[in-house]
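>>> Attaching a predicted model along with its sequence, questions to come.
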Amino acid sequence: MELNTLISKISDIINLDKYPIHDLESEAGRVLLAKARQEFNSNSLIVLNDFLRPEIVSHLAAETLEDDVTKSFCFTGSNNVFLGTQEVQNLSPDHPSYLQKIYTKRTLACDQISSDSPLKVLFQWNPLVTFVSSIVGQEVYRSADKLGAMTVHIHHNKDEQDWHFDVSEYTIVLHILAPQKGGVLEYVPCSRSEVEEDTEALAKIIRGDRHSLTKDLPTIPGVFVLHSGKLSMHRVTPVEGTIPRISATMSFNRTPNFQLNEYTRQLYFGRNE
Ligand SMILES: O=C(O)CCC(=O)C(=O)O
Ligand SMILES: [Fe+2]
């Protein structure tokens, strides 16, 4: 596709006037990047309001509600906080990493999202990858996982996702539909080494004691979030009410051709292929 056509397509999806991701060398681009870097360095997370165009938000919400009925996978269970990464293999069965509740949510995997969906068009847009790399201060690559590179999550009444660290290093979360109550992303910035070394601190967070650094991020449709989910423990609190919470995620890593582990694929999508 010709560059200008693509930019006009992208500018139908995201607010390039407010967030000139396609032109980070411009004055506005430099200001955006400087603010984003500063926020990311302090919180390991940045929030850009009104990132998605309102029409796209409505379109994605309607499309997802349809796909939810016909295609989504309901994952239910109880994971350990490390989601099957190396660390967990050395943990004893009574380690607080396993102190999880039963929880549920529904997911659409990358291979269930059509290639002309605005979400996929955006994920494939190279300036987005450059933007993420510039914020985190390292070259990153899109996850290459067939199922988990880009996903959509639907939380109905009482659905939640308990505390965990992501397997991917950096994740963009796009907020698409807000529930009446709950569905808050709670996160403890850069907590990984702390809770790996201090099982008491880990147990307290999982049991519901608020860590002094815990922060809350409510769901606001149109919002863009970039966080370092592998480093910062996080959860999505239970949703209440008849309107579901919908979010989309896009994963990035410092190494190319990143694949999820089998444990996480089974947990999120109920399949490995
Ligand atoms: O939906 C969100 O806000 C984040 C979901 C999440 O943490 C995950 O899928 O790993
Ligand atoms: Fe996560």
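Perfect, thanks for sending it. Ligands and ions are numbered 1, 2, ... in the order given.
>>> The residue in the chain positioned nearest to ligand 1: which element?
At 3.6 Å from ligand 1, residue 247 is the closest residue in the chain, using Cβ to the nearest ligand atom. Every C-beta, even on glycine, is put in place using the N, C-alpha and C of the backbone. Per DSSP states H and E, residue 247 falls inside strand 245-253.
>>> And that strand, what does it pack against?
Counting contacts by 3 or more Cβ pairs under 8 Å, 6 or more residues apart in numbering; DSSP states H and E, strand 245-253 packs against helix 54-70, helix 118-123, helix 126-136, strand 141-142, strand 150-155, strand 170-177.
>>> Quick one: closest of the ones you listed to residue 243.
strand 170-177 (6.7 Å; Cβ to Cβ).
>>> who does the closest one touch, helix- and strand-wise?
Going by 3+ Cβ pairs under 8 Å, 6+ apart, strand 170-177 lies up against helix 54-70, helix 126-136, strand 224-227, strand 245-253.
>>> Could I get these in TSV, plus columns for mean neighbour count and mean pLDDT?
Supplementary listing: those in TSV, determined by neighbours: other Cβ atoms under 10 Å; pLDDT from 0 to 100:
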stretch	mean neighbour count	mean pLDDT
helix 54-70	15	96
helix 126-136	18	98
strand 224-227	22	98
strand 245-253	25	98
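>>> for residue 243, phi and psi?
phi -90, psi 120 (degrees, to the nearest 10).
>>> That one: neighbouring residues, count only.
Residues within reach of residue 243, counting by other Cβ atoms under 10 Å, total 16.
>>> Work out the gap between stretch 52-67 and the centre of the chain.
Per Cα atoms, centre = their mean, to the nearest Å, the displacement of stretch 52-67 from the mean C-alpha position of its chain is 17 Å.
>>> Just the CA coordinates for that stretch, please, in CSV.
C-alpha atoms of stretch 52-67 as CSV (Å, rounded to 0.1, in the frame of the first residue of the first chain):
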residue,chain,number,x,y,z
LEU,A,52,-8.4,5.3,19.1
ARG,A,53,-10.9,7.2,17.1
PRO,A,54,-14.4,7.0,18.7
GLU,A,55,-15.9,5.4,15.5
ILE,A,56,-13.3,2.7,15.6
VAL,A,57,-13.9,2.0,19.3
SER,A,58,-17.7,1.5,18.5
HIS,A,59,-16.9,-0.7,15.5
LEU,A,60,-14.5,-2.9,17.5
ALA,A,61,-16.9,-3.2,20.4
ALA,A,62,-19.7,-4.3,18.1
GLU,A,63,-17.5,-6.7,16.2
THR,A,64,-16.1,-8.2,19.3
LEU,A,65,-19.5,-8.8,20.9
GLU,A,66,-20.5,-10.7,17.8
ASP,A,67,-17.3,-12.8,17.7
